[in-house]
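Asks: got a sequence here, can you model it:
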Amino acid sequence: MFNIIHLNIIASDIIGDVYMKDLSKIIFISAVVLSVAAFFVTNVPISSDMAPISGFFIIFLALPAYGALVRSLGWYKALILIIVLSLYAIFIETMAIITGIPYSHFQYSGLIGLKLFGHTPYTVPFAYVPLFIGCFYLAILLAKKKWRIITLSTLLVVVADLVLDPGAVALNFWTFQSGGFYYGVPLSNFLGWIITGFIASSITLYLLKDNLDLVKVSGNVSSLFLILFFWSSVCLYIGLLIPTVIGFSFIAFILIKTRGRIACF
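Replies: Take a look at the predicted model:
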């Protein structure tokens, strides 16, 4: 009887250790690798033949956040949230490409994967959902009232886009038909991100309801950290000063808020 109880205690301790596993070192190493990859991306011509590689990297960057959501919410709730936000991302992007609303008219090149419906690459949800989840996680750390969480997560998503869009446009991942004042990106694009970020935040709050505390696992911000590290490095190598400063400042903010433990699961 004693042995059975003793084994149960040991098993519980092991499960607890696995559940609270800190993979921050792996994320930091991955960030360094991504920075090196960014150097080659900005210095080697990219063709549509390399789209599968781009797709692999985008999905790879999404996995830490997906894993953290599963650990936080369980498979069922995590999958529901991921699927709903993914469908939302595809819908919004496709609508913007066709109508110009809400981001203004733009189009994707063939560099980041096969296009769904002939317009939106299949990789878009893998890029958007982890980025948003990271911003939503930070908003929960900073605020308790729902309207503040929505406001903060929306603003943080826009800040992240101030880094991503200029870098992606420079690499010709996508282009805006009318160009724009901010490194080829129009003001209407950021206004669109405010609208879509607000909607995504509202959807997430509705789906999570009283489970917001479960999302307070720093692994939820790990993908955002990697995404920012890659695109901030891209902007640095290309010479885009403002996005570079914004990007690395955002990274520093994440490190401060998580105390360097950016990947606890």
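Asks: residue contacts, Leu208?
Replies: Leu73, Lys77, Leu81, Leu214, Val215 (Cβ atoms under 8 Å, 6 or more residues apart in numbering). C-betas here are computed from N, CA, C, even on glycine.
Asks: can you tell me how far the residue nearest to the last one when sequence neighbours are not counted is from Val221?
Replies: Going back to what we said before, that points to Val215. Take Val215 and drop its neighbours on the chain: the residue closest to it by Cβ to Cβ, 6 or more residues apart in numbering is Ser72, 5.4 Å away. Per Cβ to Cβ, to the nearest Å, Ser72 is found 12 Å from Val221.
Asks: out of the two, which sits in the more crowded spot?
Replies: Applying other Cβ atoms under 10 Å to Ser72 and Val221 shows that Val221 carries more neighbours, namely 29 against 22.
Asks: let's verify Lys144: helix, strand, or coil?
Replies: Following DSSP: H, G, I helix; E, B strand; the rest coil, we place Lys144 in the coil state.
Asks: how many neighbours does it have?
Replies: 9.
Asks: next, give phi and psi for it.
Replies: Per-residue torsions, Lys144: phi -120, psi -40 (degrees, to the nearest 10).
Asks: now Thr120
Replies: Residue torsions, per degrees, to the nearest 10, at Thr120 are phi -110, psi 120.
Asks: test my guess that the residue nearest to Val215 contacts Ser218.
Replies: No: contact criterion Cβ atoms under 8 Å: Ser72 and Ser218 do not qualify, at 10.3 Å.
Asks: strands of this structure, residue ranges please.
Replies: Along the chain, counting by DSSP state E, strands occupy 106-108, 115-116, 120-121, 174-176.
Asks: skipping adjacent residues, who's closest to Val129 in space?
Replies: Val129's closest residue in space is Leu85 (Cβ to Cβ, 6+ apart), at 4.7 Å.
Asks: the closest residue to Leu236 other than its chain neighbours: how many residues sit nearby?
Replies: Nearest non-adjacent residue to Leu236, counting by Cβ to Cβ, 6+ apart: Thr244, 4.6 Å away. Each residue near Thr244 was counted by other Cβ under 10 Å, and the total is 21.
Asks: show me where the chain dips below the pLDDT cut-off.
Replies: Within the chain, the set of residues satisfying pLDDT under 70 comprises 1-20.
Asks: so where do the helices sit in it?
Replies: Using DSSP state H, the helices of the chain run over residues 2-19, 24-43, 51-73, 75-99, 124-142, 146-170, 187-208, 222-238, 241-258.
Asks: next up, the contacts around the residue nearest to Val215.
Replies: So Ser72 contacts Ala78, Leu214, Val215, Lys216, Val217, Gly219, Asn220 (Cβ under 8 Å, 6+ apart).
Asks: if I look at Leu141, how far off is Ile203?
Replies: Separation of Leu141 from Ile203 (Cβ to Cβ): 20 Å.
Asks: then Phe248?
Replies: Relative to Ile203, and taking Cβ to Cβ, Phe248 is found at 30 Å.
Asks: next, count neighbours for the residue nearest to Leu141 when sequence neighbours are not counted.
Replies: Spatial nearest neighbour of Leu141, chain neighbours left out: Lys257 (5.7 Å); criterion: Cβ to Cβ, 6+ apart. Using other Cβ under 10 Å, the number of residues around Lys257 comes to 15.
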